[in-house]
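Trainee: Give the three-dimensional model of this entry:
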Amino acid sequence: MRKYYLRNRLPGGVYLLCFATFANSLGTFLIPFLPLYLKNMGVDARMTGNAVACYGAGCLLACLFGGHISDVVGRRPVICTNLMITTVLTGIIGFITSLATIFTILFSIGICAGMSRPASNALIGDLINEEQSAAAYGLNYWSGNVGFILSSLLGGILSTYSFVLLYLVDSTTCFLAFLILVGGISDLQKTEPKQKVSAAKNDRSSKCLNIIISTTLLAWVIQTQAWTALPLTITKEGMTSFDWGIISATNGIVIIVVQPFVNRVISIFGGKKILAAGCLIMGIGFMAVPIFSTLFGFIIQTTIWSVGESFVTTSSPVLVSAFTTSDERGKWMGFSAATFSFASIVGPASGGWAIQKELDSILWISCGIGGILATILALQVKVSKSLSTGEKV
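Mentor: Next up is the predicted model:
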């Protein structure tokens, strides 16, 4: 993996951003441990769900306009400002007892997260050329996943002592990410010059970008069945929450192991084909759920769709970056991020409803059909030779 990234000669600013992503992800305790924190406060399940929804609503809203703001005022001011705000809000949430105030803080933190993600992806696109895109976006995604897995272990330990301590550590890692970006600001100065494009080329790019956004929305609606429908199915099969923990951990482990190879595959076959393949693999993985009834079987099933997730997550920003210029990249990265936020609402809700109505078979077959439709959509993206410089997009 090291030789691969060295060969692609990524700019120092990309490594800086990836390190900041790792540092921030290392303290990602807020949402994963929020239900336990609120339960400890005596909050019921319905209000806990509403609290998580506040965070998701903030993310979705910010994704729609946050990327455009980064196009206007710049990527770094948006990222650093939101990290600083998140540092403060995450640090005080453990001391708040008013549920209404907690809801407001969660909504605000969601906005900060939703604005930072498209700005970060857009900044990476500004710093690199198309030959480096798979390695750059793949490394950033990999860094975040490594940090998240470590944070899950660390959070489990800290939460046994104090939730206040848990969120103070989360706040500290946000501040650390802020310091990394501010301290290395000189490494982030290189940005892609604004490119003038003809109206015809811009129309073609907009059409392809809309196809990419639609494809990823379908893919994430399928993937988020792992949040509600899959654990409910597993418990219906008689397995325990401990079994689900093992299955869930499989997802993160597969992504960490597979991701460096995904970057190479994208460089060989191009983002379009890998996006299509990822959607198909993801659909097949979830469609196969009824086949399995054992822990080992569900580990295999999770491994399959996790590979598809790695393909989609890396190829999507690669394609968005390729079809945009620096003056509009943030906006489209925001729309791309919004697909995940929207799917995070629609996917779990529809999956939970289907399981409750005992429509399990229809749900999993629909995942397969959705994967096929998303694959067909992805293959409609028209890649022009003028978009790449030796790199398959």
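
Trainee: isn't V318 right up against E131?
Mentor: No. Contact status for V318 versus E131: not in contact, 11.0 Å apart, counting by Cβ atoms under 8 Å. No exception for glycine: its C-beta is placed from N, CA and C like everyone else's.

Trainee: quick one: which of those two has more around it?
Mentor: Using other Cβ atoms under 10 Å, the more surrounded residue of V318 and E131 is V318, with 29 against 16.

Trainee: Could you pull out the buried residues of the helix or strand where the more buried one lies?
Mentor: Using DSSP states H and E, V318 falls within helix 295-322. For helix 295-322, the buried set under the neighbour-count rule, 16 or more other Cβ atoms under 10 Å, comprises 295, 298-299, 301-322.

Trainee: Same check on stretch 85-97?
Mentor: I85, T86, T87, L89, T90, G91, I93, G94.

Trainee: neighbouring contacts of it?
Mentor: For stretch 85-97, the surrounding residues in contact (Cβ atoms under 8 Å, 6 or more residues apart in numbering) are 30, 37, 41, 102, 105-106, 108-109, 112-113, 163-168, 170-172, 174-175, 178.

Trainee: what about burial for the residues you listed, which qualify?
Mentor: 30, 37, 102, 105-106, 108-109, 112-113, 163, 166-168, 170-172, 174-175, 178.

Trainee: which ones among those residues are found in helices?
Mentor: Per DSSP state H, helices hold the following members of the buried ones among the contacts of stretch 85-97: 30, 37, 102, 105-106, 108-109, 112-113, 163, 166-168, 170-172, 174-175, 178.

Trainee: Low-confidence regions, this structure specifically.
Mentor: Low-confidence segments of the chain (pLDDT under 70): 1-8, 27, 45, 184-203, 384-393.

Trainee: ok, how many other residues are close to the closest residue to S214 other than its chain neighbours?
Mentor: With sequence-adjacent residues excluded and distances taken as Cβ to Cβ, 6 or more residues apart in numbering, S214 is closest to L377, at 5.8 Å. Using other Cβ under 10 Å, L377 is surrounded by 21 other residues.

Trainee: Contacts only, for L377.
Mentor: I211, S214, T215, L218, C279.

Trainee: ok, the fourth one touching T375?
Mentor: No. Here L218 does not reach T375: they are 9.4 Å apart, not a contact under Cβ under 8 Å.

Trainee: circling back to that earlier point, shared neighbours, V318 and E131?
Mentor: Shared contacts of V318 and E131 (Cβ under 8 Å, 6+ apart): none.

Trainee: What residues does S171 make contact with?
Mentor: S171 neighbours (Cβ under 8 Å, 6+ apart): G27, T86, T87, V88, T90, G91.

Trainee: Within the helices and strands, which one has the third one?
Mentor: Here T87 is covered by helix 75-93, with elements defined by DSSP H and E.

Trainee: Fine, thanks again, bye for now.
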